[in-house]
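*Asks:* sequence unknown, structure follows:
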């Protein structure tokens, strides 16, 4: 579904009900400007973004020859030494 900002303002309650079925694209002067999506979809996107960051981080560690376990253990030792 694609709506102008004016339509979005006028029909917000109806639009919020529609977001459970599919995201709603809001346009400004005919060009996509924003997206309204359900909170469930938003949380899924946040989890996917976090997963991708962890995957990239893991790949960088691997390219340096360090495992996540080694990094965890080194950080844990450092924190314990500070206490």
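*Replies:* Perfect, thanks for sending it. If you're wondering where the values come from, they're calculated on a predicted model, not measured in any experiment. Numbering: from 1, shown residues only.

*Asks:* Which strand residues bridge residue 4?
*Replies:* Listed beta-bridge partners, residue 4: residue 27 (assigned using DSSP bridges).

*Asks:* Now residue 20: phi and psi?
*Replies:* phi -70, psi -20 (degrees, to the nearest 10).

*Asks:* who touches it in this structure?
*Replies:* With contacts taken as Cβ atoms under 8 Å, 6 or more residues apart in numbering, residue 20 has the following neighbours: 38, 40. To be clear about C-beta, it is placed using only N, CA and C from the backbone, and glycine gets the same treatment.

*Asks:* how near is it to residue 3?
*Replies:* 16 Å (Cβ to Cβ, to the nearest Å).

*Asks:* Which residues belonging to the lowest-mean-pLDDT helix or strand in the chain are considered buried?
*Replies:* The least trusted helix or strand in the chain, going by mean pLDDT, DSSP states H and E, turns out to be strand 2-4, with a mean of 78. Of all the residues in strand 2-4, those buried under the rule 16 or more other Cβ atoms under 10 Å are residue 3.

*Asks:* Around residue 24, how many other residues sit close by?
*Replies:* If you count neighbours by other Cβ atoms under 10 Å, residue 24 ends up with 20.

*Asks:* give me phi/psi at it?
*Replies:* The phi/psi pair for residue 24 (degrees, to the nearest 10) reads phi -110, psi 130.

*Asks:* you'd agree it is up against residue 36?
*Replies:* Yes - with contact defined as Cβ atoms under 8 Å, residue 24 counts as touching residue 36 (4.4 Å).

*Asks:* Now the common contact residues for the two.
*Replies:* In contact with both residue 24 and residue 36: 8, 15, using Cβ under 8 Å, 6+ apart.

*Asks:* ok, back up a step: quick one: residues in contact with the least confident helix or strand of the chain.
*Replies:* 11, 15, 24-28, 32.
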